[in-house]
Each structure stands twice: as C-alpha cells, then as structure tokens.
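A.B. asks: The following block contains a protein sequence and its predicted model.
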Amino acid sequence: MLGRPQDSALDLGPRKTAPGTQRFCAVTGTVRSADEMIRFVIGPDGIAVPDIKRRLPGRGIWITATRQALRAALARNTFARGFKRDVRVAADVVDSTERLIERSALEALSICHKAGKVAIGFASVAAALSRAHVVAVCNAAEAAPDDRRKLTAALHRRADVAEIRMIDPFTSAQLDLALGRSNVIHAALLAGPESETFLARISRLERFRTGPISVNVAPGNRPRCDVET
C-alpha cells in the first residue's frame with residue numbers, strides 16, 4: 001500500500017477491499033470509507049453500472065453511496081470526467097442502484113434465515129424478545145399499528161433496548177421471498193455474524209435513501225488516501 005494523494009478518480013481494478021480502506025469520491029472530492037461508497041465500472045455496452053459487490057472487471061470510480069451524491073454526479077457529468085471518456089448512464093441509475101442495494105440486504109436476510117438466526121411471526125418475535133439475544137426486529141410495511149405497538153412495548157421492557165434495531169423498509173412480499181414463507185409480517189433477528197452482515201447492509205440502504213452529500217474539500221486541504229499499486 002502506498003499513501004499518496006488520489007489525483008485520479010479511477011481505481012486500479014477490482015480487488016479485495018480490507019476493513020478501513022478509503023476511497024476518493026469522484027463527485028464530492030472527499031475521501032471516505034469504502035463501506036460508505038459505491039464503485040462504478042463501464043460495462044461492455046459502454047454504460048456505467050454500479051458494482052455493489054466490488055467484483056466487476058475494469059477500472060472504476062467511487063461515489064458516496066447516497067441518492068443525493070449520485071444525482072449530483074449526473075448533474076456534474078462526473079462519470080465522463082472520472083473515466084476520462086464518453087460514458088452512457090441509464091436514466092434510472094439512481095433508482096436501479098437503490099434496488100441493487102435493497103436486494104443485497106434481502107439476500108443477507110435470507111442467509112440469516114438459513115443460519116437459523118430469524119424468528120418469524122408475531123408470537124415467535126414476542127417470545128424471542130422475552131428471552132433471546134435479539135439484535136433487530138423487522139416489521140413489514142403492512143404491519144398493523146396495534147401489533148407494532150405491542151412489539152415495541154415488549155422491546156422497551158428489555159435492558160438492552162437501545163441496542164436493538166427496529167427495521168421496516170420492506171413489504172410483506174419482500175420478506176416472503178427472503179425468508180421462504182408466505183405472509184411474513186414480523187421477524188426478529190438473533191445475534192450472530194450473519195445478522196451483523198444484514199444490519200450493515202440495512203444501514204447502507206438507509207444511508208443511500210436519506211444521507212446527505214459530502215462537503216467538498218478544498219484541493220489544498222484534500223486528505224491523503226491509501227491506494228493500491
């Protein structure tokens with residue numbers, strides 16, 4: 001690893017990103033954790049595509065993972081400037097990127113279920129809240145307000161209430177597909193590495209939907225970034 005200013009937005013291609021790795025945001029001029037960013041590459045058809053899993057071949061640019069930052073990238077022609085060539089960008093790139101991040105979170109939830117880390121159904125969630133090491137409670141968008149209130153009350157009877165996430169960005173149909181069940185309205189995630197992965201991906205989805213754009217850094221004060229050579 002060689003520390004130097006990242007004058008070019010282009011990286012050197014796909015590679016394993018170690019924890020704590022930082023990347024230069026092509027749209028904001030800031031250096032952030034790679035976990036807070038999205039890598040984009042140019043596909044065979046000349047269209048810029050999001051590389052959510054950081055595995056696609058070719059050199060790429062990184063953009064802060066928020067809708068606001070991605071919209072700014074479109075407005076500022078960041079893709080053409082970053083790749084130093086004409087690049088086509090799909091009109092729905094913001095929405096399609098969000099769908100990919102959402103799908104990644106649902107895939108992680110499915111893995112949690114396969115690992116036996118999910119309690120499904122109102123009664124099972126209530127029971128888990130009374131005696132298990134719960135790290136999150138998922139309520140479908142269609143969940144009845146009264147059932148939400150009952151589970152919230154059960155949650156607040158726990159000493160570790162501040163450490164348990166309440167998650168509700170998914171519909172029942174999405175939960176059905178992820179968990180291989182029908183009419184899933186409530187689910188609880190039990191402690192484990194699989195659940196930590198899911199929570200990290202949910203946080204990424206929430207940041208993408210609501211996070212602000214980064215503050216620009218003046219060129220003379222640009223932080224240094226470790227880049228691989």
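C.D. replies: That came through fine. Residues are numbered from 1 along each chain as shown.

A.B. asks: going forward, measure contacts and count neighbours with C-alpha atoms only.
C.D. replies: Fine.

A.B. asks: Now the longest helix seen in the chain: buried residues?
C.D. replies: Ranked by residue count under DSSP state H, the longest helix found in the chain is helix 93-114. Neighbour-count burial for helix 93-114 flags 93-94, 97-98, 100-113 (criterion: 16 or more other C-alpha atoms under 10 Å).

A.B. asks: Could you do stretch 75-84 as well?
C.D. replies: Thr78, Phe79, Ala80, Arg81, Gly82, Phe83.

A.B. asks: ok, back up a step: after the longest helix of the chain, which helix or strand is next?
C.D. replies: Counting by DSSP states H and E, the element after helix 93-114 in chain order, helix or strand, is strand 118-120.

A.B. asks: What helix or strand is the most centrally placed residue in the chain located in?
C.D. replies: Note on the chain: the residue nearest the mean C-alpha position is Arg204, at 2.6 Å, using C-alpha atoms, centre = their mean. Using DSSP H and E, Arg204 sits in helix 193-210.

A.B. asks: Mind listing residues that contact that helix?
C.D. replies: 36, 65-67, 98, 101-102, 104-106, 108-109, 111-112, 115, 117, 135, 189 (C-alpha atoms under 8 Å, 6 or more residues apart in numbering).

A.B. asks: again, only using 6 Å
C.D. replies: Ala65, Thr66, Arg67, Ile101, Ala105, Ala108, Leu109, Cys112 (C-alpha atoms under 6 Å, 6 or more residues apart in numbering).

A.B. asks: and the nearest residue to Gly43 once chain neighbours are set aside, which of the three is it?
C.D. replies: Once flanking residues are discounted, Gly43 sits nearest to Val49: 6.4 Å by C-alpha to C-alpha, 6 or more residues apart in numbering. When classified by DSSP: H, G, I helix; E, B strand; the rest coil, Val49 comes out as strand.

A.B. asks: burial of Val49, as a residue count?
C.D. replies: Per other C-alpha atoms under 10 Å, the neighbour tally for Val49 reads 19.

A.B. asks: now it, which residues is it bridged with?
C.D. replies: Val41 (DSSP bridges).

A.B. asks: thinking again about what came up before, out of the buried residues of stretch 75-84, list just those in helices.
C.D. replies: Per DSSP H, the buried residues of stretch 75-84 map to helices at Thr78, Phe79, Ala80, Arg81, Gly82, Phe83.

A.B. asks: What's the separation between the fifth one and Ile63?
C.D. replies: Gly82 sits 10 Å away from Ile63, taking C-alpha to C-alpha, to the nearest Å as the criterion.

A.B. asks: got it, and the fourth one?
C.D. replies: Note on Arg81: its distance to Ile63, by C-alpha to C-alpha, is 13 Å.

A.B. asks: coming back round to it: which one of the ones in helices among the buried residues of stretch 75-84 is nearest Leu179?
C.D. replies: Phe79 (37.1 Å; C-alpha to C-alpha).

A.B. asks: domain parsing for this protein?
C.D. replies: 2-91, 99-208 (automatic domain parsing).

A.B. asks: Quick check: end-to-end length of the last one?
C.D. replies: Meaning domain 99-208. Per C-alpha to C-alpha, the first residue of domain 99-208 is 11 Å away from its last.

A.B. asks: Check stretch 39-54 too.
C.D. replies: Using C-alpha to C-alpha, the span of stretch 39-54 from its first residue to its last is 6 Å.

A.B. asks: How about Thr78: what's its closest non-neighbour residue?
C.D. replies: Leaving aside its chain neighbours, Thr78 sits nearest to Val27 (6.0 Å; criterion: C-alpha to C-alpha, 6+ apart).
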